[in-house]
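S.K.: Give the three-dimensional model of this entry:
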Amino acid sequence: MTKLIAENRKARHEYFLEEFIEAGIVLTGTEIKSIRKGHVQFRDAYIEFQKQEAFIRDMHIAAYDHGNIFNHDETRVRKLLLHKHEILRLAQKVQVKGYTVVPTRMYLKDGRAKLEIALAKGKELHDKRETLKERDAKREIEKAMKNYR
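M.R.: Numbering: from 1, shown residues only. Sure, this is the predicted structure:
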């Protein structure tokens, strides 16, 4: 059973998303409590590779309301749990082909926080405009179909 916590809609607008991978994330006690309340924001977050490990930067998890002096740092760098071959493959694509890796969704799966990450290639301005045109046209068609019935 999965429960969606947060979604990065900006990523779908800014990038062409190609390959999706589920990753675990290393958290502290107050972080998981805050995530369960839905206090997560990763609009500007990105994944970085160092020494055959993956880390997520700029992900904001709000401080837990009932935390004490041991509350977590809200924007600390967090380690992602991936298989070694996945890390090496993604790191190679990021270095060679001009891709980046961005988080797209966070959800709870069987009580554990999971992060869906995607291999992404940046969109040009004209691509973003084209996407907006397509979405508006689709919305107009759905509206016309609804009124037709």
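S.K.: Just name whatever secondary elements the longest helix seen in the chain is in contact with.
M.R.: In the chain, assigned by DSSP state H, the helix with the most residues is helix 125-148. Where contact means 3 or more C-beta pairs under 8 Å, 6 or more residues apart in numbering; DSSP states H and E, helix 125-148 is packed against helix 9-14. No exception for glycine: its C-beta is placed from N, CA and C like everyone else's.
S.K.: for the helix it packs on, packing partners?
M.R.: strand 100-109, strand 112-122, helix 125-148.
S.K.: Neighbouring strands - and their directions - for the second one?
M.R.: The one in question is strand 112-122. Next to strand 112-122 in the sheet, as set by DSSP bridges, lie strand 15-25 (antiparallel), strand 100-109 (antiparallel).
S.K.: Just give me the residue right at the centre of the chain.
M.R.: Centroid-nearest residue in the chain, with C-alpha atoms, centre = their mean: Pro103, separated by 2.0 Å.
S.K.: Any stretches of this structure with poor pLDDT?
M.R.: 149 (pLDDT under 70).
S.K.: buried residues in stretch 35-48?
M.R.: By neighbour count with 16 or more other C-beta atoms under 10 Å, stretch 35-48 contains the buried residues 35, 39-42, 45-48.
S.K.: returning to that earlier point: need the helices and strands packed on helix 9-14 in a markdown table with distance to Thr28, can you?
M.R.: Shown next, in a markdown table, are the helices and strands packed on helix 9-14 (distance: least, C-beta to C-beta, whole Å):
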| stretch | distance to Thr28 |
| --- | --- |
| strand 100-109 | 16 |
| strand 112-122 | 11 |
| helix 125-148 | 37 |
